[in-house]
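model the following, please.
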Amino acid sequence: MDFRVVLQLITEEFSKQDIRYAVIGGFALGALGVPRATIDMDLLIYREDWLRVDDIMKKKGYACVHKSDEVAQYVSALNIFGEVDFLLAHRNIARKMLENAQVREVFSGKQKVKVLKAEDVIGLKIQALVNNAARATKEYADIESLLGYYKKDLDWALLEDYFKLFNLEDKYSEYKTRFLC
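Predicted coordinates:
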């Protein structure tokens, strides 16, 4: 997958149609200064924008291989375009994450993209590891990378809310002790 090509292809069209989005997942970590290998592009969009996104993706040659109330997954037959997954924001917490997304430069400043704040990426990582225990090792590694990189610049009260939401207060306490001392 050529992330530069895919990102430009998608974000140009999203801009034309006023689709609100933010990059999440592994690519977001890189955009936040914590590079990690990834094989797909993950984005958060408002659920009510999905039909327009679906139309855009299909016009760009992608096929929708999975759709639920929460996610939509698109795959291209061409390796250069790869897989693009969308998390569909409909709950207030996810919508607020999207509203707080910030523009970041990627590819050595050659492109700009909206990316969730580090705290919000961590919040989604917590949700992912709780939803799928097999992902816990990778998700915790990503969380620790972000915590280590941003440390005192993070909104620790917001992080506490995310950990509490999933009954992981002990993990929050451990991280606060490890990364703020």
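
so where is this structure shaky, pLDDT-wise?
Within the chain, no range satisfies pLDDT under 70.

mind running it again at 90?
For the chain, the stretches flagged by pLDDT under 90 are 35-39, 108-109, 180-181.

got the domain ranges for it?
1-116, 117-181 (automatic domain parsing).

the first one: end-to-end distance?
Read that as domain 1-116. Distance between the two ends of domain 1-116: 22 Å, counting by CA to CA, to the nearest Å.

list the residues that contact residue 128.
135, 139 (CB atoms under 8 Å, 6 or more residues apart in numbering). To be clear about C-beta, it is placed using only N, CA and C from the backbone, and glycine gets the same treatment.

now it: how far from residue 19?
Residue 128 sits 23 Å away from residue 19, taking CB to CB, to the nearest Å as the criterion.

and what about residue 162, helix, strand or coil?
helix (DSSP: H, G, I helix; E, B strand; the rest coil).

phi and psi next, for the closest residue to residue 83 other than its chain neighbours.
Of all residues not flanking residue 83 in the chain, residue 40 sits nearest, at 4.1 Å (CB to CB, 6 or more residues apart in numbering). Backbone torsions for residue 40, taken as degrees, to the nearest 10, come to phi -140, psi 170.

residue 2 now?
For residue 2, the backbone dihedrals (degrees, to the nearest 10) come out as phi -100, psi 100.

ok, it to residue 17 distance?
22 Å.
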